[in-house]
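[1] no sequence for this one, just the structure:
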């Protein structure tokens, strides 16, 4: 009898592993075609006039700020801008502000408070720029000053996280009476990759870290850290800029109307009480 040839078993291709819900949100928040701040500003506001410079060092293109009208009402807009293509991303420093950016933002917000204009901020940054030049010009001090001064503003402040809300880089524009997040935005003290590198000693475990960080809009609303979630069209805002902007416009109009009846001292107290409640687990 001849030798019997061994049976050859063909391996079946493994099914693609679906990302976890948290990691899927991270991917959508970072989608290369996702609308950025200027895309929303162009669609929601009219008569936007950009203000440049911090009157101390220079202008930071990572933060766009100025005066505009929202449904006919004068407002101030302060936003972090990432950039669309490679050239814009370098120009905008990938949306990572430097001290002069935060000082420019504060300058515009204080000007708005002087003239009684509500302030709307857009968060979209992986974090404040950590470079040596930023540290030399007082990065930490600029972030800390914004936190303190925003808490004292006597006009309504509405904050919207439209993409990535990265640590203090986002929080420096995030002290508001109302904090909203787009459905697929993320907001966290650290990026999933950095968290994984610290906790698991492996940045490749970013997906696992994303779930542990509770960084999605749904997680943050359940923890009472944000005030509302703005829905996105289809599978994400990148599918329809106009529809995404319209949904955000409606949410902003509703929230601004809720705050418009408060006096200056009530606005400050409202903001103070909001942040004092965070993390309070005692009656």
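    Nice, I can see it. This is a predicted model, so every value here is computed, not measured. Numbers count the residues shown, from 1 in each chain.
[2] tell me the SS of the nearest residue to residue 111 once chain neighbours are set aside?
    Excluding its sequence neighbours, the residue lying closest to residue 111 (Cβ to Cβ, 6 or more residues apart in numbering) is residue 76, at 7.2 Å. C-betas here are computed from N, CA, C, even on glycine. With DSSP: H, G, I helix; E, B strand; the rest coil as the basis, the three-state label of residue 76 is strand.
[3] before we move on, what about residue 23?
    helix.
[4] With residue 179 instead?
    strand.
[5] Am I right that it is in contact with residue 157?
    No: at 9.3 Å, residue 179 does not count as touching residue 157 under the criterion of Cβ atoms under 8 Å.
[6] Look at the two and report which has more neighbours.
    The residue with more neighbours, out of residue 179 and residue 157, is residue 157; 28 against 25, by other Cβ atoms under 10 Å.
[7] I figured that one hits residue 119, correct?
    Yes: counting by Cβ under 8 Å, residue 157 does reach residue 119; the two are 4.7 Å apart.
[8] any residues in contact with both of the two?
    109, 176 (Cβ atoms under 8 Å, 6 or more residues apart in numbering).
[9] Which helix or strand contains residue 49?
    Element membership for residue 49, per DSSP states H and E: strand 46-50.
[10] Would you map the strands across this protein?
    Per DSSP state E, the chain carries strands over the ranges 46-50, 63-70, 73-80, 119-125, 157-166, 178-182, 186-188, 228-230.
[11] Kindly calculate the angle that the third one makes with strand 63-70.
    Read that as strand 73-80. Angle, strand 73-80 to strand 63-70, by axes from the mean of the first three to the mean of the last three Cα atoms, to 10 degrees: 160 degrees.
[12] now the angle between strand 157-166 and strand 73-80, please.
    Using the same axes, to 10 degrees, strand 73-80 lies at 20 degrees relative to strand 157-166.
[13] In TSV: the strands of the chain, plus distance to residue 205 and mean pLDDT.
    TSV is the format used below for the strands of the chain (distance: least, Cβ to Cβ, whole Å; pLDDT from 0 to 100):
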stretch	distance to residue 205	mean pLDDT
strand 46-50	41	96
strand 63-70	32	97
strand 73-80	27	97
strand 119-125	23	97
strand 157-166	19	96
strand 178-182	25	97
strand 186-188	15	95
strand 228-230	27	97
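[14] Can you tell me what sits against stretch 246-261?
    For stretch 246-261, contacts defined as Cβ under 8 Å, 6+ apart pick out 40, 43-44, 70-71, 73, 118, 120, 156, 158, 160, 162, 177-178, 180, 182, 227-228, 230-233, 267, 270.
[15] Which members of these are classed as buried?
    40, 44, 70, 118, 120, 156, 158, 160, 162, 177-178, 180, 182, 227, 230, 232-233, 267 (16 or more other Cβ atoms under 10 Å).
[16] ends of stretch 24-39, how far apart?
    End-to-end distance for stretch 24-39, by Cα to Cα, to the nearest Å: 23 Å.
[17] same question for that stretch, mean pLDDT?
    The average pLDDT within stretch 24-39 is 95.
[18] swap in stretch 97-106?
    Here stretch 97-106 scores 97 as its mean pLDDT.
[19] And for stretch 263-270?
    On average, stretch 263-270 scores 96.
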